[in-house]
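Colleague: Structure, please.
(2 chains)
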Amino acid sequence: TQLLEQSPQFLSIQEGENLTVYCNSSSVFSSLQWYRQEPGEGPVLLVTVVTGGEVKKLKRLTFQFGDARKDSSLHITAAQPGDTGLYLCAGDMVNFGKGTSLLVTP
Amino acid sequence: KAGVTQTPRYLIKTRGQQVTLSCSPISGHRSVSWYQQTPGQGLQFLFEYFSETQRNKGNFPGRFSGRQFSNSRSEMNVSTLELGDSALYLCASSLGGTHLADTQYFGPGTRLTVL
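Modeller: As a prediction, the model looks like this:
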């Protein structure tokens, strides 16, 4: 049983567009991590959020942790082809969602 | 600083065989976690070792086992392989602190195919 549900499962957009991906759960987590995984590689940590309502920005990426610490979102502004990859969220480091596969075309 | 290394990178086995995968963590890291990644189930936690002791365990059958050595290197063993064990097996190392402040660094994985 997957504790974390991610949506959408797939997303194909053009360079310059904005997008948001979601990570939802009925469980409360003390921390939530976002990773990006590229083909042939392991996931790479982007951010960890630990406080309900917390917002963190990493260049064009904005991460938000829900007030109840059950859900999170990742917003990318002006997507670039280099953003292409599988975006994974994880609750308390070990409970992963299935991911959102993002393709950004020039 | 060298990253997490996993060997072998690719492996083909037949049903009923057993397999051992190896993971060398980043120098100074004492925690090693193992995950199974498949298209259908995503990334699923197998177990974590810290200072040679299993500290946390996921919901996998006893055919999946692991161990950690005094130099923090870890091995994972799968016995009596089944077709459904075909997956990318990832290991991740970290300092071993609480998940509120710790960071997992993943290796590139071992792609196991069971025929």
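Colleague: Straight-line length of stretch B:20-34, end to end?
Modeller: Taking CA to CA, to the nearest Å, stretch B:20-34 runs 13 Å from one end to the other.
Colleague: can you pull the buried residues of that stretch?
Modeller: Within stretch B:20-34, the residues that count as buried by 16 or more other CB atoms under 10 Å in any protein chain shown are B:Leu21, B:Cys23, B:Ser24, B:Pro25, B:Ile26, B:His29, B:Arg30, B:Ser31, B:Val32, B:Ser33, B:Trp34. All C-beta atoms are positioned from the backbone trio N, CA, C, and that covers glycine.
Colleague: pretty sure the third one contacts B:Val32?
Modeller: No. With contact defined as CB atoms under 8 Å, B:Ser24 does not reach B:Val32; the gap is 9.0 Å.
Colleague: what touches both of those two?
Modeller: Common neighbours of B:Ser24 and B:Val32, counting by CB atoms under 8 Å, 6 or more residues apart in numbering or on different chains, are B:Arg73.
Colleague: picking up where we left off before, chain A: which of the buried residues of stretch B:20-34 is nearest?
Modeller: Using CB to the nearest CB, B:Ser33 comes nearest to chain A of the buried residues of stretch B:20-34, at 7.0 Å.
Colleague: That closest one pairs with what?
Modeller: B:Glu48, B:Ala92 (DSSP bridges).
Colleague: can you tell me how far it sits from A:Phe29?
Modeller: 17 Å (CB to CB, to the nearest Å).
Colleague: Also B:Val114?
Modeller: 33 Å.
Colleague: The two - which one has more neighbours?
Modeller: A:Phe29 (25 against 19; other CB atoms under 10 Å in any protein chain shown).
Colleague: Can you list the low-confidence ranges for chain B?
Modeller: B:1, B:99-100 (pLDDT under 70).
Colleague: Where does it get nearest to chain A, which residue?
Modeller: Closest point on chain B to chain A, by CB to the nearest CB, is B:Phe106, at 2.8 Å.
Colleague: Surely that residue and A:Pro43 touch.
Modeller: Yes. With contacts counted by CB under 8 Å, B:Phe106 reaches A:Pro43, the gap being 5.1 Å.
Colleague: list residues touching both of the two?
Modeller: With CB under 8 Å, 6+ apart, B:Phe106 and A:Pro43 have common neighbours B:Leu90.
Colleague: what's the neighbour count on the residue in chain A that chain B sits nearest to?
Modeller: Going by CB to the nearest CB, chain B is nearest to A:Gly42 of chain A, at 2.8 Å. Look at A:Gly42: counted by other CB under 10 Å, it has 23 neighbours.
Colleague: right, and it touches B:Gly109 too?
Modeller: Yes. Counting by CB under 8 Å, A:Gly42 does reach B:Gly109; the two are 5.7 Å apart.
Colleague: what's the overlap in contacts for these two?
Modeller: With CB under 8 Å, 6+ apart as the test, A:Gly42 and B:Gly109 both reach B:Leu90.
Colleague: for chain B, what are the nearby residues on chain A?
Modeller: For chain A, the residues in contact with chain B (CB under 8 Å from any CB of the partner chain) are A:2, A:30-31, A:33, A:40-45, A:48, A:50, A:88, A:90, A:92-99.
Colleague: Those in strands, which ones?
Modeller: Here DSSP state E is the test, and these give A:Gln33, A:Val44, A:Leu45, A:Thr48, A:Leu88, A:Ala90, A:Asn95, A:Phe96 as lying in strands.
Colleague: Count the neighbours of the third one for me.
Modeller: Spelled out, it's A:Leu45. 18.
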